[in-house]
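Peer 1: sharing a sequence plus its predicted fold:
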Amino acid sequence: MKILPFFIIIPLGTAFLISLLAKKIKNFGDCFANLGTLSLLALSLYSTKLVFAHKILVYKVGGWMPPIGICMVLDGLTSFMLVTVNLVSFAIALYSVSYMQKYTDKYRFYTLFMLMLAGMNGIIITGDLFNLFVFLEIASISSYALVAFGTEAEELEASFKYAIMGSVASSFVLLGIAFLYSYTSTLNMADISLVLAQKGTGLLVSFVAVLFLMGFGLKAALVPFHAWLPDAHPSAPAPISAMLSGVLIKVLGVYAIARIFFNIIGINNISLSMLMFLGVVSMLIGVILALAQWDVKRLLAYHSISQIGYVILGIGLGTPLGILGGVFHLFNHSVFKSLLFLNSGALDYALGTRDLRDMGGLREKMPITANTSLIASMSIAGIPPFNGFWSKLLIILACIQSGRIIYAICAVVASILTLASFMKVQKYAFFGKLKERWQDIKEIPVFMRLSMIVLAIICVMGGLLIIPLFKPFLQSAVDVLLAGKGYKDAVFGAIR
Amino acid sequence: MCLVLFCIGLYCVLRKRNIIKIIIGLGIIEYAVNLFFVLIGYRTHGRAPILAKDQQILNMVDPVPQALVLTSIVIGLAVTALIVAIAIRIYEKYGTFDITKINRLKG
């Protein structure tokens, strides 16, 4: 019960202390940031245990009763997302210790990083709609700043584009909140859902749903709104690309869409088919655009669009199997996509270039990077023993089960194209002949290796999450979405 | 009227080529949303809901949107400050505010 606020207090406090002290004390930023993410990871793992025991926990901020005061809610979906976010951010904080050495202001990087983490944890854990908007802005603003961190011409341009589109998206979300408030005169998520159930949903609520879909869809980079992502993600420093692609677009986009559409507004067939259609379109367009890329990070960024399409398709199916597949793919994608971005960062660190045509034969020189990236590539392409295969299989099976054969075929095609484009990465970067100019490159420092190995192990073991022993972890997240409007009863039940 | 203002801002962001004009458009969008939020809480002849000992307030405006708008103005300030800072750096690097000339990222 009392641990809930710590998910926001720890990253905020770390950010504050690092910005205050890290300039004076050497290595303070490194140690403290890693300590912070480690404790967050431990807390989020502990929170899953609490969810098994209590189902749902509500913390009343300042002791005010929820419809008036703000509350924080911990349920299956929340704790699942918390584990995903904090796991990835721990690996990334470990990686940045060595990688960020080449930038001058390392402690500012950690400050912004922790602020972004605070924003994301806040979005996940809050039970209040306006509070969600505030945390959304905290996470977005720090990510705009992080994209521009290198202050080179391309980075600034990408950051400007991202900031403009992101702010317009936030305005749409705020407008949606304003309309919803004028209709229900409350901001608490559970209470809104209660009022909507009593008052009935009219045309206004559909309009609000469209506004939210536009706002959060832009944050999630679904296809008509995806233009900022291929610029912003490659321009950021590698750990931040991993963070943005790995978890930020999922928390700001997919989690918010799932929570609002399933638990607050309530889903119907129209919104479900809209989500599915958007998912399939982004899946195909993302992967087709990715095929033509030569810049490693840009290629990965297009794949993020495509994989987010899978997640949205799975969740949009609305069947238990589909949601299970979508949620599982969300976890898997955040692990292997962060790993791939860290790999590309390692290549950048060692070689100083990101163009695939300049590489070749690096397998001998950088065995750990090569092997971890092979594992991640096979996971994302859906080769059997790795985690990506199981989640894609679940999504495709769910498509067939609900009679949407065309979508299933699209998913298979996108998966094959993904495989093709990652064959290209592997072939050009790691196999083939070593070029003259790369004769004396070295493997990357130990912290970067360590974090890549950790993520690679999770990639291999991730498939085990669907065996009965670990399934409750995913299942409790699925149950929350399946319960739909039952969310309000659960929250109000926990308050009393 | 707020929606008209919103659309003017959106037009400004989408159609203008000058970076500074785009930022101003963003500001217009934010103000449109804020104005809309305040007007939601407005009641005719309402007054501020301040509790005092010997007063009975019968007709008051809704205080919640005002509190929310205060937060959102602060957020808007942060975003604008950041974007203007980025715009200055862009001008240093490219020597122009015209977005059609700032196009090194393609593909």
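Peer 2: Structure received. All values reported here derive from a predicted model rather than from experimental measurement.

Peer 1: roughly how far apart are the residue of chain A positioned farthest from its centre and A:L356?
Peer 2: In chain A, counting by Cα atoms, centre = their mean, A:E436 sits farthest out from the average C-alpha position, at 38.8 Å. A:E436 is 17 Å from A:L356, where distance means Cβ to Cβ, to the nearest Å. To be clear about C-beta, it is placed using only N, CA and C from the backbone, and glycine gets the same treatment.

Peer 1: so what's residue 40 closest to, chain neighbours aside?
Peer 2: Just going to use chain A. A:N86 (4.4 Å; Cβ to Cβ, 6 or more residues apart in numbering or on different chains).

Peer 1: not quite, I wanted chain B
Peer 2: A:S182 (4.5 Å).

Peer 1: over to A:I125?
Peer 2: Counting by Cβ to Cβ, 6+ apart, the nearest residue to A:I125 once its immediate chain neighbours are dropped is A:M72, at 5.0 Å.

Peer 1: same question, B:F36
Peer 2: Closest to B:F36 by Cβ to Cβ, 6+ apart is B:C2, at 3.9 Å.

Peer 1: dump the residue contacts of that neighbour.
Peer 2: By Cβ atoms under 8 Å, 6 or more residues apart in numbering or on different chains, the contact set of B:C2 is B:A32, B:V33, B:L35, B:F36, B:L39.

Peer 1: against A:L204, how distant is it?
Peer 2: 15 Å.

Peer 1: number of nearby residues for the closest residue to chain B within the stretch 351-496 of chain A?
Peer 2: Residue of the stretch 351-496 of chain A nearest chain B, by Cβ to the nearest Cβ: A:D355 (12.3 Å). The burial count assigned to A:D355 is 11, neighbours taken as other Cβ atoms under 10 Å in any protein chain shown.

Peer 1: who touches it in this structure?
Peer 2: Neighbours of A:D355 in contact, by Cβ under 8 Å, 6+ apart: A:W294, A:D295, A:V296.

Peer 1: so which of those belong to strands?
Peer 2: Applying DSSP state E to the contacts of A:D355, no entry is found in strands.

Peer 1: which phi and psi does A:A158 have?
Peer 2: phi -60, psi -40 (degrees, to the nearest 10).

Peer 1: what helix or strand is the spatially most central residue of chain B on?
Peer 2: Nearest to the mean C-alpha position of chain B, by Cα atoms, centre = their mean, lies B:E30 at 1.8 Å. Counting by DSSP states H and E, the element that carries B:E30 is helix B:19-40.

Peer 1: now the element after that helix, going C-ward?
Peer 2: Later in the chain than helix B:19-40, the nearest helix or strand by DSSP H and E is helix B:63-94.

Peer 1: can you give me the buried ones in that following helix?
Peer 2: Within helix B:63-94, the residues scored as buried using 16 or more other Cβ atoms under 10 Å in any protein chain shown are B:64-65, B:68-69, B:72, B:75-76, B:79-80, B:82-83, B:86-87, B:89-90, B:93-94.

Peer 1: these: which ones sit near chain A?
Peer 2: For chain A, the contacts drawn from the buried residues of helix B:63-94 by Cβ under 8 Å from any Cβ of the partner chain are B:64-65, B:68, B:72, B:75, B:79, B:82-83, B:86-87, B:89-90, B:93-94.

Peer 1: export the residues you listed as TSV, with columns for distance to A:A148 and pLDDT.
Peer 2: Below are those laid out as TSV (distance: Cβ to Cβ, whole Å; pLDDT from 0 to 100):
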residue	distance to A:A148	pLDDT
B:V64	35	84
B:P65	33	86
B:L68	29	89
B:S72	23	92
B:I75	18	92
B:V79	13	93
B:L82	9	93
B:I83	10	93
B:I86	6	91
B:A87	11	91
B:R89	8	90
B:I90	10	88
B:K93	11	86
B:Y94	14	83
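
Peer 1: for B:N103, helix, strand, or coil?
Peer 2: Put simply, B:N103 is coil when judged by DSSP: H, G, I helix; E, B strand; the rest coil.

Peer 1: what's the local residue count around the closest residue in space to it that isn't next to it in sequence?
Peer 2: Once flanking residues are discounted, B:N103 sits nearest to A:E157: 7.9 Å by Cβ to Cβ, 6+ apart. Residues lying near A:E157 (other Cβ under 10 Å) number 23.

Peer 1: you'd agree A:E157 is up against B:I90?
Peer 2: Yes: using Cβ atoms under 8 Å, A:E157 makes contact with B:I90 at a distance of 6.6 Å.

Peer 1: if I look at A:I312, how far off is A:T319?
Peer 2: Taking Cβ to Cβ, one finds A:I312 at 14 Å from A:T319.

Peer 1: more neighbours: which of the two?
Peer 2: A:I312 (29 against 15).

Peer 1: the more buried one contacts A:G326, doesn't it?
Peer 2: Yes: between A:I312 and A:G326 there is a contact under Cβ under 8 Å: 7.3 Å.

Peer 1: secondary structure class for A:L434?
Peer 2: Counting by three-state DSSP, the backbone at A:L434 sits in coil.

Peer 1: sketch out the low-pLDDT regions of the chain for me.
Peer 2: Just so you know, I chose chain A. Across chain A, the ranges flagged by pLDDT under 70 are A:1, A:496.

Peer 1: um, chain B though
Peer 2: Where chain B drops to pLDDT under 70, the residues are B:46-47, B:49-58, B:104-107.

Peer 1: what parts of chain B come near chain A?
Peer 2: B:6, B:10, B:13, B:19, B:22, B:26, B:29-30, B:33, B:36-37, B:40, B:62, B:64-65, B:68, B:71-72, B:75, B:78-79, B:82-83, B:86-87, B:89-90, B:93-94, B:102-105, B:107.
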